[in-house]
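>>> Quick one: sequence and predicted model below, then my questions.
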Amino acid sequence: MKNLKMNVWRLLSLSLAMMVTISFSSCDDDDDDIMPTSDDVVDVLVDDSNFTVLVSAVVAAQLGDDLSGTGPFTVLAPTDAAFGDFITDNNLTAEALIGNTDLANILSYHVVSGNVTSGDVAVGPVSTLTGEKFYVSADPNGGLWINGNTMITAVDKMASNGVIHTLDYVITAPTMSIAEIAVGSTTASTPEFTQLVAALSRAGLVDAVSGDSSDDLTVFAPTDAAFEDLYAALGVSGVDDIDVDLLTSVLLYHVVPARAFSQDLRDGASLPTLLEGKSLSVDLPNLMINDSDLVSSMLNIHATNGVIHVIDKVMLPE
């Protein structure tokens, strides 16, 4: 999946984002479309050859009449190439996507009520027509991202009943909590978080990372190999041999009480953790959190209650 394929230059966008209004200044402006038009958002999409898959999906989901209504609507529009990448990453076909019974929900997650032009966009959560939220992040170059894995590549394609911004990938709402994602990665085929889940269970912290969308957490999740290195350093055979109070402190030290995608971090930032009085340091030139390397292929794993970034070492509070 695209969120597990972050390359290094995207990593260099790490920092805690401020909740401030920002512009889409680094995105391409559709200058020819800024003038008022009598075409609604569906007409504008139909007239643009980059959105043939999206138009087919809107028709199949029977959303054409809705999006041709009074509005106003802000539409985040994946290009045909974006749909192609999404279909490939998820082992789908175009036919399977168009025939998905949840297609209307998927598309509605790309629509915001109101006329939100590039100058009105703000970093942080945005409510969609589904009632679910997506999250806008800004990288240091001013690029804007949604849910950590989708970039806004062009803005302000105007319509009579709203505005369209172009995406380079399809966005989807998360369906599992941080705990559920971690537990799902303890099978024989995906054993990455077996030790992390065992540690959370022993410390009684599974519920703490099982919350709903009202929680906003960032978990820096050590791999199984990272825990094995810790056991060797401590001279123990496993998580059950570690003092439970120490284990609890170590785990809380890996959790930041905010939803921070990779684009939301900045070099030198100090990130407060759930371990009272203890913070983490961001070192972007070396792609590290404290003395642990970020695993570049496993960043921005989006959950209902936050986001996971995988690291290769268990961090110990000083």
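Alright, I've got the coordinates.

>>> where along the stretch 201-318 of the chain do the strands fall?
217-222, 255-256, 270-272, 279-283, 288-289, 292-293, 301-303, 306-311 (DSSP state E, counting those that start in this stretch).

>>> Tell me which residues of stretch 85-94 come out buried.
Under the neighbour-count criterion of 16 or more other C-beta atoms under 10 Å, stretch 85-94 has Asp85, Phe86, Ile87 buried. Quick note: C-beta positions are derived from backbone N, CA and C, even for glycine.

>>> Now tabulate those in JSON lines and tack on pLDDT, secondary structure and distance to Leu280.
Shown next, in JSON lines, are the buried residues of stretch 85-94 (pLDDT from 0 to 100; DSSP: H, G, I helix; E, B strand; the rest coil; distance: C-beta to C-beta, whole Å):
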{"residue": "Asp85", "pLDDT": "97", "secondary structure": "helix", "distance to Leu280": "32"}
{"residue": "Phe86", "pLDDT": "97", "secondary structure": "helix", "distance to Leu280": "32"}
{"residue": "Ile87", "pLDDT": "96", "secondary structure": "helix", "distance to Leu280": "37"}
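
>>> Just give the nearest non-adjacent residue to Ser56, would you?
Nearest residue to Ser56, sequence neighbours excluded (C-beta to C-beta, 6 or more residues apart in numbering): Ile98, at 6.1 Å.

>>> Please report the number of neighbouring residues for that neighbour.
For Ile98, the neighbour count with other C-beta atoms under 10 Å is 16.

>>> wait, it sits on Val55?
No - applying C-beta atoms under 8 Å as the test, Ile98 and Val55 come out as separate, 11.0 Å apart.

>>> Do you know the pLDDT at Leu284?
Confidence at Leu284, expressed as pLDDT, is 85.

>>> 38 is where my numbering starts, stick with that
Happy to do that; since the first residue is 38 now, the last one works out to Leu321.

>>> Can you get me a residue count around the nearest residue to it once chain neighbours are set aside?
Of all residues not flanking Leu321 in the chain, Asp304 sits nearest, at 3.8 Å (C-beta to C-beta, 6+ apart). Applying other C-beta under 10 Å, we find 15 residues neighbouring Asp304.

>>> Same check on Val292?
Neighbours of Val292 using other C-beta under 10 Å come to 22.

>>> Break this structure into its domains for me.
Listed by automatic domain parsing, the domain ranges of the chain are 39-204, 215-348.

>>> chain center to the last one, what's the gap?
Yep, that's domain 215-348 we're talking about. 16 Å (C-alpha atoms, centre = their mean, to the nearest Å).

>>> what does the first one give?
The chain centre lies 14 Å from the centre of domain 39-204; the measure is C-alpha atoms, centre = their mean.

>>> coming back round to it: ok, so what distance separates the residue nearest to Ser93 from Thr209?
16 Å (C-beta to C-beta, to the nearest Å).

>>> Check Phe298 too.
Distance from Phe298 to Thr209, by C-beta to C-beta: 15 Å.

>>> More neighbours: which of those two?
Comparing Phe298 with Thr209 by neighbour count (other C-beta under 10 Å), the higher total belongs to Phe298, at 27 against 21.

>>> Show me where the stretch 188-337 of the chain has its helices.
215-221, 231-240, 261-271, 281-289 (DSSP state H, counting those that start in this stretch).

>>> on contacts alone, who are the packing partners of the lengthiest strand in the chain?
If you go by DSSP state E, the chain has its longest strand at strand 187-196. Where contact means 3 or more C-beta pairs under 8 Å, 6 or more residues apart in numbering; DSSP states H and E, strand 187-196 is packed against strand 65-66, helix 78-83, strand 110-115, strand 181-183, strand 199-204.

>>> Same list, these, but as JSON lines with distance to Leu254, mean pLDDT and mean neighbour count please.
What follows is the helices and strands packed on strand 187-196, written out as JSON lines (distance: least, C-beta to C-beta, whole Å; pLDDT from 0 to 100; neighbours: other C-beta atoms under 10 Å):
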{"stretch": "strand 65-66", "distance to Leu254": "34", "mean pLDDT": "60", "mean neighbour count": "13"}
{"stretch": "helix 78-83", "distance to Leu254": "35", "mean pLDDT": "98", "mean neighbour count": "21"}
{"stretch": "strand 110-115", "distance to Leu254": "25", "mean pLDDT": "98", "mean neighbour count": "24"}
{"stretch": "strand 181-183", "distance to Leu254": "19", "mean pLDDT": "97", "mean neighbour count": "24"}
{"stretch": "strand 199-204", "distance to Leu254": "26", "mean pLDDT": "98", "mean neighbour count": "24"}
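
>>> List just the one of the ones you listed that sits closest to Gly248.
Shortest distance between Gly248 and those, using C-beta to C-beta, is found for strand 181-183: 21.9 Å.
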